[in-house]
Every structure is written in C-alpha cells, then in structure tokens.
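Visitor: I'd like to go over a predicted model; first the sequence, then the structure.
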Amino acid sequence: MSGVLTGFAVIATVIGVGYLMGRYGLLGENGREVLTKLAFHIASPALLFETLAGTDLSLLVSAPLVITALCTVAMAGVYTLIGALRRWPAGEITVGALCASYVNAGNLGIPVAAYVLGDASLVAPVLLFQLLLVTPVALTVLDITTSGPGDSVLRRVTSPFRNSIVIGSLAGVVVAATGNRLPEPVMEPFHLIGAMSVPAVLLAFGISLHGSALPGRGSERVPVLLSVALKTVGQPATAWLLGATVFGLGGRQLFTVVVTAALPAAQNLFTYASRYGVGVRVARESILLSTILAIPALVAVAALLG
C-alpha cells in the first residue's frame, strides 16, 4: 500500500501549498480563477491531447471497462434521480453526479495501478472512457444548462466543439486512430504545457480551501454526503457485484475492477465546476471527503480481495 500512501501524500502536499498561497494572498484575489482558466483552457487540453495521441484505442474493448462504465452510469443515475426528485438545479446535479462516479484515474489511479496492481497500464482504459465519453457528455450538459437565454439553438448544439477540453481530446483521438506517432519536437510543447495541468488544478483547489467551512455542512450537506457515499461505498460495491456475479470475474481481474472503482473523485471536477460557476462547493467538499475516505476504502478492498 506504499504506492497509495505516496500518491495521497503528494496530492495533499500540493493542495497544502495552494492553501498557503490562498492564506497569504500570493496570487492576489483572482489567483484561483487564473489557475482554473489556465488548467481548463490551456494545460488540460494539451495534456489530454498528448495522452490520447499515444494511446492504443483497442483498450476500450474489455469486460473490466464495461463494468467500470456500468458503475459510472449507475452512480451518476442514482444521484441524478435523487437530485431531480429534490429539484436541485441541473448544473449542480451534473457536477454532483460527476463527483459520485468520475474516478481519479490520473493523479491517484496511475500510482495505485503501479504499486498496488503491479501494472500502471491497467488504468488506461478507465482514463480513455472518462476522457472520450464521460467528459464530453458532462461538459455538453454544463454548456447547455449554463448558457444564456439568448443563445441560439445552433450555438448550444455546437458548444461541445468549442470546448477546449473536448477539442484537445478529439484531436488526440484522431492522431491515435491514424496509428502514426507525431515527431518528438511537435509533441514536446504539449508535454511542457500539459505538465502544468495537475499542479494548477491542485493549487487552485488548495486556494479554494482557505476560508471555507468544514465539509459536509451547510446548505450543500445533502448533495455532498450523497455523492461521497455513492463514490466511496456505492461504486466499489457495485463493481464487485457486477464483476463477481454478472461477468464471472475473480482473482486479479476482480481486484483490479474494485480498486479502480474505489478511487476518489477526480480533482479536475473542481476545475469544471469553477469554470461554469455551478456546484463549486459541492465539487470541492465531495473531492476532499472522498479523497480522505478513499484511504480506508482501498485498504479494505486490498484486505478483502488482494
């Protein structure tokens, strides 16, 4: 479990630096917004392009990925249904549903796969699924639900193709589909710019924690606790149920699927919420709580199935 603890420690350290930046106002009043825009519009698209351009798209066809997809849809569906019954705003439901189902396959998934599962490539299908399918759909919903009343139908329909994240992902898929590798001098700028994405997201998240109330309280208490419960307990339990009973998985394969499902909500969801100005507190508190609770959850999974 050293890899899990190391991954959590690195993330906590960078978030802590961000908190100190916010406490002492090192980037001024708009520091968080600047970092968020940098990550959303520039660094993350570059990182996604670089990641997807060199990926084998055939990884999308596998039983474990089908289970991951079903778990994602199930958790997001449960959250959406409850949110609709309670008449929460559509944008906030979208952010909360993401926090309940979108795993941190990058920052934590890679070290967990490397040190706990013994193979970092095992997390690649989950990354592809989330980047190619979940992210574009979610951002499209956010684009539509947060657009102004004067926006035309054409502008709403074409909004995904004007989104930096989606553009970077689609461009990477096109390159990967050709089967050709771009020359290193061409990819190096994307590598350098993309390397800013994760630190920028974590620092912005840390800055947002300064002056914030303790998580799980206030008017967003129910949405936050619901998303955390679905993410920390519901998703890994569903993954185990589907893997063991429906797909007949066992041993290493079942362990991999459940460990992946037990990963916490991804930090980039906070960037999405901040960019669209909806569900920011839900995203911040859900990510924080699910990340803290993921440690005992992963230890429990390793003890039961490892």
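Guide: It's in.
Visitor: ok, A76 - how many residues close by?
Guide: Look at A76: counted by other CB atoms under 10 Å, it has 25 neighbours. Every C-beta, even on glycine, is put in place using the N, C-alpha and C of the backbone.
Visitor: Is it within a helix or a strand, and which one?
Guide: helix 63-85 (DSSP states H and E).
Visitor: For that helix, which residues meet the burial criterion?
Guide: 64-69, 71-72, 74-76, 78-80, 82-83 (16 or more other CB atoms under 10 Å).
Visitor: where does T271 land in three-state SS?
Guide: helix (DSSP: H, G, I helix; E, B strand; the rest coil).
Visitor: Need the pLDDT of it.
Guide: Looking at T271, its pLDDT stands at 86.
Visitor: pretty sure it is in contact with A204, am I right?
Guide: Yes: between T271 and A204 there is a contact under CB atoms under 8 Å: 7.0 Å.
Visitor: intersection of neighbour lists for the two?
Guide: T36, A39 (CB atoms under 8 Å, 6 or more residues apart in numbering).
Visitor: neighbour count winner among those two?
Guide: Between T271 and A204, counted using other CB under 10 Å, A204 has the larger neighbour count: 28 against 25.
Visitor: Apart from its chain neighbours, what residue comes closest to that one?
Guide: Spatial nearest neighbour of A204, excluding adjacent residues (CB to CB, 6 or more residues apart in numbering): L35 at 4.0 Å.
Visitor: Centroid-nearest residue for the chain?
Guide: For the chain, A266 is the residue whose C-alpha lies nearest the centre (CA atoms, centre = their mean; 3.2 Å).
Visitor: any idea of the pLDDT on that one?
Guide: 87.
Visitor: which phi and psi does it have?
Guide: Here is the backbone geometry of A266 (degrees, to the nearest 10): phi -80, psi 140.
Visitor: need the contact list for it.
Guide: Counted by CB under 8 Å, 6+ apart, A266 has contacts Y102, V103, N104, A105, G106, N107, Q130, I287.
Visitor: if we go to 7 Å?
Guide: Y102, V103, N104, G106 (CB atoms under 7 Å, 6 or more residues apart in numbering).
Visitor: May I ask which of those residues comes out lowest in pLDDT?
Guide: G106 (70).
Visitor: Confirm that that residue sits in a strand.
Guide: No: G106 sits outside any strand when classified using three-state DSSP, being coil.
Visitor: right, and the helix or strand after the helix or strand containing P125?
Guide: Assigned by DSSP H and E, P125 belongs to helix 124-129. Using DSSP H and E, the helix or strand that follows helix 124-129 towards the C-terminus is helix 135-146.
Visitor: Remind me what that next one packs against, helices and strands.
Guide: helix 90-101, helix 164-178, helix 268-276 (3 or more CB pairs under 7 Å, 6 or more residues apart in numbering; DSSP states H and E).
Visitor: So for G28, which of these sits nearest?
Guide: helix 268-276 (16.4 Å; CB to CB).
Visitor: For that closest one, name the packing helices and strands.
Guide: helix 31-37, helix 90-101, helix 135-146, helix 197-209, helix 280-305.
Visitor: Out of those helices, which gets nearest to L20?
Guide: Closest among the helices and strands packed on helix 268-276, using CB to CB: helix 197-209, at 7.7 Å.
Visitor: Alpha carbons of the closest one, in CSV - could you do that?
Guide: Extracted in CSV, the C-alpha atoms of helix 197-209 (Å, rounded to 0.1, in the frame of the first residue of the first chain):
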residue,chain,number,x,y,z
SER,A,197,-2.4,20.9,-15.6
VAL,A,198,-2.3,18.8,-12.5
PRO,A,199,-0.3,21.3,-10.4
ALA,A,200,-2.6,24.1,-11.4
VAL,A,201,-5.7,22.1,-10.6
LEU,A,202,-4.4,21.1,-7.2
LEU,A,203,-3.1,24.6,-6.3
ALA,A,204,-6.4,26.1,-7.3
PHE,A,205,-8.2,23.5,-5.1
GLY,A,206,-5.9,24.4,-2.2
ILE,A,207,-6.5,28.1,-2.6
SER,A,208,-10.3,27.5,-2.5
LEU,A,209,-10.0,25.7,0.9
